[in-house]
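Trainee: Just to be clear, the model below is a prediction. Sequence and coordinates:
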Amino acid sequence: MATIRELDAFEVLDSRGNPSICVKVSLNNGALGSAIVPSGASTGKREALELRDKDDSRFSGKGVLKACANVTEVISRELIGMDAYRQAGIDYMLKTIDNTENFEKLGANATLGVSMAVARAAANSLNIPLFRYLGGINAATLPAPMLNIINGGSHADNNVDFQEYMIMPLGFECFKRALRASVEVYHELKKLLNENHLSTGVGDEGGFAPNLKNNEEPITYILKAIEKAGYKPGEEISIALDIASSEFYENGFYNLKGEGKKLDSKGLVEYYENLVSKYPIVSIEDGLSEDDWDGWAILTQRLGSKIQLVGDDLFVTNAKILQNGIDKKIANAILIKPNQIGTVSQTLEAIRLAQRNNYKTIISHRSGESEDSFIADLSVAVNAGEIKTGAPARGERNAKYNRLLELRHLNKLLTYEGKSLFR
């Protein structure tokens, strides 16, 4: 046994300059583990609670001292002495201490920080990589990245309604080559935007955030960048979109302010059908609002056999909500964000449920990130197949790509999902 000896927590800063919580765990055998919890900008209403101090005299009310105190003063009393290798038992204890559905007392930022740090300490105690500790010998694949290279919506200050325009380098034999191609496309896109006197300032996730004519024009710029970089759109590099439609859903209609359009669910589905028929789009995330389940049924019926339809705000990494979606045949993929649910064990539960029901799984960052690369290891541990962690720019995004490159370098038997992902 390696038991928990001490828990500590303190404020650090995320990539947007907002406070986040860092948790450190030490075990009785000297092993250490730490974790920094991310924070989202576009959040689903059913996500677990991110506890903020709401003290306007500090960080505009966004401090996390209460969450830190919950770790050091409340959680530590119950967890000290517990076996660090019993991840499920520790996470169950966190749920028991809180005793609410969405960690409304302790804060999911406090509980996830503890849960992640314990997992890392346990891995360090055994002197094995985190991905191997979480996934065992079944951890065998590196994920295909979804790189957000043009930002809109709540991730940028521009007139583009859709939140993320991503590339997926699917037509390559290995992760290293796929990432290189993506980086080259990213730099060609910057040149193209410069040539057309468009802004190359970046949004929260490292993608460029220019003002463009409509929600279709970013796709055309990306396709030109793919070709200028020497690659074949649709064959080597495909397009994925995160619409984040809950952000512009009001009174049963979707208000595309950038285009001056107001569409109902059927109208927006037809809009997507047109895009999919014209461009090499393989995935659409949050195409309809988290509250528009009837619309999701239409979207899944019309496009579910053609492309990946990802539920983020819709499912919020919650196995109960996902089961409802499975029962109703809604979507065919789930975005996995550990801080939406609050512990590593609950995250793994949602992943297992999705995989048992042939739903694709995409491990995802948040807009407020850090140098912590936990999700890179998680994506390999569960053979997720896909990871979403931003543009190949900004240190907090590249920390995940660099970790995957490191895993590929150290573990030559890890294969790349790319070509087989949507076969």
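Mentor: It's in. Predicted model only: the values in this text are computed from it and were never measured.
Trainee: alpha carbons only for contacts and neighbour counts from here, please
Mentor: Noted.
Trainee: Below-threshold pLDDT in the stretch 151-300 of the chain: ranges please.
Mentor: In the predicted model of the stretch 151-300 of the chain, residues 154-157 satisfy pLDDT under 70.
Trainee: Can you name the residues that contact residue 205?
Mentor: Neighbour list for residue 205: 148, 151, 155, 367, 389-391, 394, 397 [criterion: C-alpha atoms under 8 Å, 6 or more residues apart in numbering].
Trainee: Apply 7 Å and report the result again.
Mentor: Counting by C-alpha atoms under 7 Å, 6 or more residues apart in numbering, residue 205 touches 148, 367, 390-391.
Trainee: In terms of helix, strand or coil, where does it fall?
Mentor: The three-state assignment at residue 205 reads coil, by DSSP: H, G, I helix; E, B strand; the rest coil.
Trainee: I'd like to know how far it sits from residue 260.
Mentor: Separation of residue 205 from residue 260 (C-alpha to C-alpha, to the nearest Å) stands at 26 Å.
Trainee: what pairs with the residue positioned nearest the centre of the chain across the strands?
Mentor: Centroid check for the chain by C-alpha atoms, centre = their mean gives residue 364 as the closest residue, at 1.6 Å. Taking DSSP bridges as the rule, residue 364 bridges to residue 388.
Trainee: thinking it is in contact with residue 389, fair?
Mentor: Yes - if you go by C-alpha atoms under 7 Å, residue 364 and residue 389 touch, sitting 5.9 Å apart.
Trainee: got any residues that touch both of those two?
Mentor: With C-alpha under 7 Å, 6+ apart, residue 364 and residue 389 have no common neighbours.
Trainee: Closest to residue 246 out of the contacts of residue 205?
Mentor: Nearest to residue 246 among those, counting by C-alpha to C-alpha, is residue 367 at 16.4 Å.
Trainee: from what I can see the closest one touches residue 18, true?
Mentor: No - the pair residue 367 / residue 18 is not scored as a contact, 11.1 Å apart, by C-alpha under 7 Å.
Trainee: of these two, who's got more company?
Mentor: residue 367 (24 against 17; other C-alpha atoms under 10 Å).
Trainee: Spell out which residues sit in contact with the residue nearest to that one when sequence neighbours are not counted, please.
Mentor: If the residues on either side of it in the chain are set aside, residue 367 comes closest to residue 40, at 5.2 Å by C-alpha to C-alpha, 6 or more residues apart in numbering. By C-alpha under 7 Å, 6+ apart, residue 40 lies in contact with 366-368.
Trainee: picking up where we left off before, now the contacts of residue 205 in TSV, with secondary structure, distance to residue 167 and pLDDT?
Mentor: Below are these laid out as TSV (DSSP: H, G, I helix; E, B strand; the rest coil; distance: C-alpha to C-alpha, whole Å; pLDDT from 0 to 100):
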residue	secondary structure	distance to residue 167	pLDDT
148	strand	7	97
367	coil	17	92
390	coil	10	96
391	coil	9	97
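Trainee: possible to save the residues you listed as TSV with distance to residue 129?
Mentor: As requested, the contacts of residue 205 are exported to TSV (distance: C-alpha to C-alpha, whole Å):
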residue	distance to residue 129
148	27
367	26
390	24
391	25
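Trainee: Out of these, who's the most crowded?
Mentor: residue 390 (30 neighbours).
Trainee: Can you give me the distance of that residue to residue 383?
Mentor: According to C-alpha to C-alpha, residue 390 and residue 383 sit 19 Å apart.
Trainee: same question, residue 361
Mentor: 9 Å.
Trainee: re the thing from before, I'd like to know how far the residue nearest to residue 367 sits from residue 309.
Mentor: Taking C-alpha to C-alpha, one finds residue 40 at 21 Å from residue 309.
Trainee: For the closest residue to residue 175 other than its chain neighbours, give me the pLDDT.
Mentor: Nearest residue to residue 175, sequence neighbours excluded (C-alpha to C-alpha, 6+ apart): residue 416, at 5.6 Å. Looking at residue 416, its pLDDT reads 96.
Trainee: ok, now the one 4 residues further on?
Mentor: Reading off the confidence values, residue 420 has pLDDT 92.
Trainee: Could you pull up the contacting residues of it?
Mentor: Neighbours of residue 420 in contact, by C-alpha under 7 Å, 6+ apart: none.
Trainee: elements contacting the top helix by length along the chain?
Mentor: Secondary structure of the chain read by DSSP state H shows that its longest helix is helix 175-195. With contacts defined as 3 or more C-alpha pairs under 7 Å, 6 or more residues apart in numbering; DSSP states H and E, the packing partners of helix 175-195 are helix 217-228.
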